[in-house]
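Colleague: Compute the structure for the input listed below.
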Amino acid sequence: MVAAVLAVLAATSCNNPPKPYGALPTQAQVDWQRMEMNLFIHFGPNTFSGLEWGEGSEPEDLFQPTALDCRQWAKIARDAGFGGVILTAKHHDGFCLWPNPESKHTVAQSSWREGKGDVLRELSDACEAEGVKFGIYISPWDRYDPTYGTLAYNEVFARTLQSALGNYGPVFEQWFDGANGEGPNGKRQVYDWPLFNSTVATLQPGAIIFSGVGPGCRWVGNERGEADETNWATMNTEGFTPGENPPAKESLFGGDEGGACWVPAECDVSIRPGWFWRESENEKVKDLQTLLKLYYQTVGRNAVLLLNVPPDKTGRIHAVDSARLTEFRAALNEIFATDLALGASVKAPSRRGFPPKNLTDGKMETFWAAQDGDPNPELTVRFDTTVTFNRIVLQEYIPLGQRVAQFRVEAQDANGRWIPIASGTTIGNKRILLTGDVTTRAIRIMIDRSLAPPVLNGLSLFEDNIYTGLNG
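Modeller: Below is the predicted model:
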């Protein structure tokens, strides 16, 4: 990654590029984090039984969607601004939504579509048609497989991964649930995570691997859809494993300052009280204000939002959920339609070739870089006319690492005095600060602590007249 970054800098800048700092993301991780939001799809026998965790003893014929429409899922995801869709291809009950040759508990044993159904195939094709990325969730816990709890199961699971990851085209994320309970023989499994991860890396080298310790991205430590306000994309993973031996909750929630590995946070949360669809929850879909809060406390805190929207028994996303996502997208479009800082004048000390004006040009790949030896610079932004805003968006150029650890923002009042309006710790890919309405012709940003000279690629201001919460 370092070589690729330096090559780009050498081609686009006159000289003296900033040095990368600390753990760095791969290009796949950069692309993944810039997706910002993905759709989670919990679907399987539990949809029909009403259970959250199936027991593995459910008959295969229980799975009977009457009008499966993966194209609808993918279109809803695309229209709502979600970059990818991740399907629970195998949950803890062991039932596989594709004809997995390693199991006798799959769609191939169901009478649905005369045993010829394949949800993975339909979703993969639908994602390609609608222009969204395709991801797979596979739980290593298996309450059906008779080999679970023995050494043989790890090989069975690796072959299950090969079946799912080797036959359905590019997979952008492999989601590993760390759950580990008893199998049908009453035994628990010692998972071979190096085998599982290497299998994914071999078959899908560009896939982001999710677990409590990555290596691609990490669980944020809760299912509330909430990252810590201090959220490092770096983490110390040595000595930890998913599920049974996780890092401390504080590390999951907020990462580790100066951590040895780049493992950004993903925040999974359901639009409903449960993960699988239930008719009784049709009136309990999260409202718009809650969804906006989720956005601010995930994407706005250097994380990715993974929002679960479960299809119903027909195999379609329910109209209530679909309408709410449409409302959510319309609100985000309105809130972030006009960047009040676009093209504004910025004054700050900078490394030659990476000037402050890059902060407000609206481009992702241009950035401002502070001078070497200056971890605490001050930036002053002036506007041609008075602006009124209540959202401040800051972004670091993460291909060169995450650096900023503490900062403040002030606005100049009509008498020329500088008034504090916001403060924060980490920035990362994106930090959204919620303020009261601020009317001014100038703001300044003071970096109080940074692990290396800051490199920022975005400063934007917006006015949100929709979200009524006090903070995100």
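Colleague: Could you use CA atoms for every contact and neighbour count after this?
Modeller: Noted.
Colleague: who's in contact with F172?
Modeller: G84, K133, F134, G135, G206, A207, I208 (Cα atoms under 8 Å, 6 or more residues apart in numbering).
Colleague: Where does the residue of the chain most remote from its centre fall, secondary structure wise?
Modeller: In terms of distance from the mean C-alpha position of the chain, N415 ranks first, at 42.9 Å (Cα atoms, centre = their mean). Assigned by DSSP states H and E, N415 belongs to no helix or strand.
Colleague: same deal with Q72?
Modeller: Using DSSP H and E, Q72 falls in helix 70-79.
Colleague: Kindly report the same for T230.
Modeller: Using DSSP H and E, T230 falls outside every helix and strand.
Colleague: swap in D93?
Modeller: Residue-wise, D93 maps onto no helix or strand under DSSP H and E.
Colleague: Domain-wise, how is this protein divided?
Modeller: Domain assignment of the chain by automatic domain parsing yields the ranges 2-21+338-462, 36-335.
Colleague: Quick one: mean pLDDT for the last one?
Modeller: Computed over domain 36-335, the mean pLDDT rounds to 97.
Colleague: How about the first one?
Modeller: With pLDDT averaged residue by residue, domain 2-21+338-462 scores 91.
Colleague: hang on, I136 packs against I86?
Modeller: Yes - assessed by Cα atoms under 8 Å, I136 is found in contact with I86 at 5.1 Å.
Colleague: shared neighbours of those two, anything?
Modeller: E173, W175.
Colleague: Point out the most buried one among the domains of the chain.
Modeller: The highest mean neighbour count among the domains of the chain, using mean count of other Cα atoms under 10 Å, belongs to domain 36-335: a mean of 20.
Colleague: And it, end to end?
Modeller: 16 Å (Cα to Cα, to the nearest Å).
Colleague: Same check on stretch 21-38?
Modeller: 28 Å.
Colleague: same thing with stretch 340-347?
Modeller: 17 Å.
Colleague: now that stretch: how far from the chain's centre is it?
Modeller: Once both centres are worked out by Cα atoms, centre = their mean, to the nearest Å, stretch 340-347 turns out to sit 29 Å from its chain's centre.
Colleague: Name the surrounding residues that touch it.
Modeller: Counting by Cα under 8 Å, 6+ apart, 356-357, 359-362, 379-384, 387, 389, 459-462 sit against stretch 340-347.
Colleague: let's see it at 10 Å
Modeller: Stretch 340-347 has contacts (Cα atoms under 10 Å, 6 or more residues apart in numbering) with 355-362, 378-389, 392-393, 442-444, 458-463.
Colleague: Stretch 123-131 too?
Modeller: 69-79, 83-87, 119-120, 132-136, 167-171.
Colleague: Could you list the alpha-carbon positions for it in PDB?
Modeller: The C-alpha trace of stretch 123-131 is given here as PDB (Å, rounded to 0.1, in the frame of the first residue of the first chain):
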ATOM      1  CA  LEU A 123     -28.400 -12.200  -5.200                       C
ATOM      2  CA  SER A 124     -25.000 -12.200  -6.900                       C
ATOM      3  CA  ASP A 125     -26.700 -11.700 -10.300                       C
ATOM      4  CA  ALA A 126     -29.000  -9.000  -8.900                       C
ATOM      5  CA  CYS A 127     -26.200  -7.000  -7.300                       C
ATOM      6  CA  GLU A 128     -24.300  -7.000 -10.600                       C
ATOM      7  CA  ALA A 129     -27.400  -5.900 -12.500                       C
ATOM      8  CA  GLU A 130     -28.100  -3.100 -10.000                       C
ATOM      9  CA  GLY A 131     -24.500  -1.900  -9.600                       C
END
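Colleague: Centre of the chain to that stretch, how far?
Modeller: 20 Å.
Colleague: and what of stretch 108-121?
Modeller: 31 Å.
Colleague: Equivalent analysis for stretch 107-114, please.
Modeller: Worked out by Cα atoms, centre = their mean, stretch 107-114 lies 33 Å from the chain centre.
Colleague: gap between the two ends of it?
Modeller: Stretch 107-114: ends 9 Å apart by Cα to Cα.
Colleague: Do you have the helices of the stretch 201-350 of the chain handy? List them.
Modeller: 249-254, 288-298, 319-335 (DSSP state H, counting those that start in this stretch).
Colleague: Ok, which of those comes nearest G401?
Modeller: If you check each of these against G401 by Cα to Cα, helix 249-254 wins as the nearest, at 16.1 Å.
Colleague: Tell me which residues are up against that closest one.
Modeller: By Cα under 10 Å, 6+ apart, helix 249-254 touches 212-213, 218-222, 226-237, 246, 255-257, 259, 263-267, 301-303, 426.
Colleague: and the residues you listed, which of them are in strands?
Modeller: Counting by DSSP state E, these place R218, W219, T234, M235, A265, E266, C267, A303 in strands.
Colleague: Show me which of the residues you listed is closest to D448.
Modeller: For the ones in strands among the contacts of helix 249-254, the nearest to D448 is T234 (20.0 Å; Cα to Cα).
Colleague: In the sheet, which residues pair with R382? Tell me.
Modeller: S345, A442 (DSSP bridges).
Colleague: Against R351, how distant is it?
Modeller: On the measure of Cα to Cα, R382 and R351 end up 21 Å apart.
Colleague: Break down the stretch 51-200 of the chain into its strands, ranges please.
Modeller: Under the criterion DSSP state E, counting those that start in this stretch, strands of the stretch 51-200 of the chain are mapped to 84-90, 133-138, 173-175.
Colleague: Of those, give the one that comes closest to I271.
Modeller: It is, among the strands of the stretch 51-200 of the chain and with distance given as Cα to Cα, strand 84-90, at 14.6 Å.
Colleague: now the closest one and strand 133-138, what's the angle there?
Modeller: In terms of direction (axes from the mean of the first three to the mean of the last three Cα atoms, to 10 degrees), strand 84-90 departs from strand 133-138 by 30 degrees.
Colleague: Strand 84-90 - contacts with which helices or strands?
Modeller: If you count contacts as 3 or more Cα pairs under 10 Å, 6 or more residues apart in numbering; DSSP states H and E, strand 84-90 packs onto strand 37-41, helix 70-79, helix 119-130, strand 133-138, helix 151-165, strand 173-175, strand 303-308.
Colleague: one more time with 7 Å
Modeller: strand 37-41, strand 133-138 (3 or more Cα pairs under 7 Å, 6 or more residues apart in numbering; DSSP states H and E).
Colleague: could you dump the ones you listed to TSV with distance to A337?
Modeller: What follows is the helices and strands packed on strand 84-90, written out as TSV (distance: least, Cα to Cα, whole Å):
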stretch	distance to A337
strand 37-41	18
strand 133-138	25
